[in-house]
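1. I'll drop the sequence and a predicted model, then ask my questions.
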Amino acid sequence: MNITYVFAIVVAVLFLAVPWYFVFLIRKNSNEEINNRRENKSLDFDGNIISLNTSIIESLMREGIRLHGERIELDRLYLLGVDNKVIEKGELLLTERTKDFVFRARAVGLIIDAYCDNKIKS
Amino acid sequence: MNEVTNAVIGVTTDIAVFVVYINLGTFLIAVIVGDRKSSPFITILCLTLANCISSVTSGLMIDNFEVINVQFMRHLWYVSLASINIITMFSIYKLHIYYGQQLGKVSHTVILSSAMLVTVQMIEYVPRILFNVSSNELNSLEILGISISSLYSNGIMVINLFLTGITVLVVFFALLSAIKFRVSALVYKVK
């Protein structure tokens, strides 16, 4: 058999199989992640550093946070940079519990305070 | 027949250039307003790079099609374009892991569309290379009532336009959300 045909067959089989197997693997992983998230509805913030982005803010607003085992609903959540400008990204680390919950976040080498108005669910 | 083919190539090239420009535009807006480590941004970055690279490589291949061995160029055409799509899929996945992001709906859609693009490339590659089918015979070969040659040209065009539409929508909503976020923060500060 001509080497060109062998090459073409190998390429065709690989190029048809690999992308769809990859899609299948990604779908499988994402379904597992969704199931895990369904099991732990609230985000656990105790001492954890999490990456913060718009989707996490939306999730926080929707599902509240869990602090020392207590579920807290959020009224508003804003992250303010050192220059008092609102930022949307960075690493979020819970440092202390005050009247207004204060989150200390680090992003691009800056120390950022995030203020969160909240009410404890009765 | 040649005039028709040239006209089709002309329209397809115009659409490809349009797709690249739109992608570059949306990417620039995403750089300005978007979160640069977010899932949609990573996806738009990979898609824009892939479109630019495939546009340049396909242009080079069209220019040199008659100069270099035709059979080799046929292999190169399908294999290189399909490889770019596969690399795009892997890059989107790997960059998400690197930045600790979860694959969002947009990235899932782009990965799925890239897999479809590779499949469309292979649908024409197999009969052309393995069975030595000519371009005229490809018009009469059909899959689900659609001729292979029109499935190839229209399929790639439709998927690329669909991907462009997605990127435009993503950037539009990112822009909207950035404006809303800043307005609500201003209101909060005033309070």
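-> All right, it came through fine.
2. For chain B, which segments count as helices?
-> B:2-33, B:39-63, B:70-98, B:105-125, B:135-140, B:148-190 (DSSP state H).
3. tell me the domain ranges of chain A?
-> Per automatic domain parsing, the domain ranges recorded for chain A read A:1-39, A:43-120.
4. Show the contacting residues for B:Ser107.
-> Counting by Cβ atoms under 8 Å, 6 or more residues apart in numbering or on different chains, B:Ser107 makes contact with B:39-40, B:42-43, B:92, B:96. Bear in mind the C-beta positions are built from the backbone N, C-alpha and C, glycine included.
5. so which of those are also by chain A?
-> B:Ser39 (Cβ under 8 Å from any Cβ of the partner chain).
6. Reformat the contacts of B:Ser107 as a markdown table; add pLDDT.
-> Conversion of the contacts of B:Ser107 to a markdown table gives the following (pLDDT from 0 to 100):
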| residue | pLDDT |
| --- | --- |
| B:Ser39 | 82 |
| B:Pro40 | 85 |
| B:Ile42 | 89 |
| B:Thr43 | 91 |
| B:Ile92 | 93 |
| B:His96 | 85 |
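7. just curious, which of the contacts of B:Ser107 is nearest to chain A?
-> B:Ser39 (7.8 Å; Cβ to the nearest Cβ).
8. distance of the closest one from B:Leu103?
-> 6 Å (Cβ to Cβ, to the nearest Å).
9. what does the average pLDDT come to for the helix ranked longest in chain A?
-> Counting residues, the longest helix found in chain A (DSSP H) is helix A:3-39. Helix A:3-39 carries an average pLDDT of 80.
10. Give the buried residues for that helix.
-> A:8, A:11-12, A:15-16, A:18-19, A:22-23, A:26, A:30 (16 or more other Cβ atoms under 10 Å in any protein chain shown).
11. so what's B:Thr109 up against?
-> B:Ile166.
12. Not counting sequence-adjacent ones, nearest residue to the spatially most central residue of chain B?
-> Centroid check for chain B by Cα atoms, centre = their mean gives B:Asn160 as the closest residue, at 4.7 Å. Excluding the flanking residues, the one nearest B:Asn160 by Cβ to Cβ, 6 or more residues apart in numbering or on different chains is B:Val19, at 5.0 Å.
13. State the number of residues packed around that neighbour.
-> Residues within reach of B:Val19, counting by other Cβ atoms under 10 Å in any protein chain shown, total 20.
14. gap between it and chain A?
-> Distance, B:Val19 to chain A, using Cβ to the nearest Cβ, to the nearest Å: 20 Å.
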